[in-house]
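S.K.: Give me a model of this one.
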Amino acid sequence: MAEGTTSRASLTLESTIASVNVVEEAALEYARAAGFSPDIASHLSMVAGEAAANAVIHGNKQDSAKRITATFEIAGPALKITIADQGAGLDPDTIPDPLAPENLLRSSGRGVFLMRAFMDEVNFRKLNPGTEITLVKRRT
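M.R.: Down below sits the predicted model:
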């Protein structure tokens with residue numbers, strides 16, 4: 001997709017692990033359409049999945065009455081992915097450092113770390129209720 005082209009899609013999904021897979025596939029499709037290399041597209045898919053998993057598991061606590069939303073936007077020089085939940089919300093400053101010795105062997109807790117490692121921007125916004133995470137990757 002040419003750099004000046006804009007494309008946007010939003011999904012409203014159930015709070016299930018199956019929805020995480022839907023977000024990963026949509027992110028991969030949008031990353032490819034934005035012209036990212038296969039490796040970068042794979043990274044974008046993975047971090048979008050991490051954000052969706054956080055929304056489903058930690059935000060909504062897999063509550064079937066709550067939904068997550070995922071928005072994918074290619075605009076100008078960047079791909080922007082926004083994931084929101086309807087749960088209690090998340091304070092990213094309370095997430096333990098996954099590189100701390102006591103956390104190295106934990107089986108979870110690396111999602112936000114990976115988002116920050118692979119994306120150009122990671123922004124958290126408190127909703128009422130919920131949390132919105134915006135992931136931005138610029139095309140170079």
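S.K.: use CA for all of it now, contacts and neighbours both
M.R.: Noted.
S.K.: which residues of the protein score low on pLDDT?
M.R.: By pLDDT under 70, the weakly predicted segments of the chain are 1-5, 89, 92, 95-110.
S.K.: now the helices for it?
M.R.: Taking DSSP state H as the criterion, the chain carries its helices at 17-33, 38-53, 111-118.
S.K.: which residues make contact with the longest one from outside it?
M.R.: If I follow you right, that is helix 17-33. For helix 17-33, the external contacting residues (C-alpha atoms under 8 Å, 6 or more residues apart in numbering) are 1, 13, 38, 40-42, 44-46, 48-50, 52-53, 56, 70, 72-74, 79, 81.
S.K.: What of the second one?
M.R.: Applying C-alpha under 8 Å, 6+ apart, the contact partners of helix 38-53 are 17, 19-21, 23-28, 31-32, 68, 70, 81, 83, 111-112, 114-115, 118-119, 133, 135.
S.K.: and the residue nearest to E73 when sequence neighbours are not counted, how many neighbours does it have?
M.R.: The spatially closest residue to E73, leaving aside those adjacent along the chain, is R8, at 4.3 Å (C-alpha to C-alpha, 6 or more residues apart in numbering). Applying other C-alpha atoms under 10 Å, we find 13 other residues in the vicinity of R8.
S.K.: and the gap between R8 and A55?
M.R.: Distance of R8 to A55, given as C-alpha to C-alpha, to the nearest Å: 21 Å.
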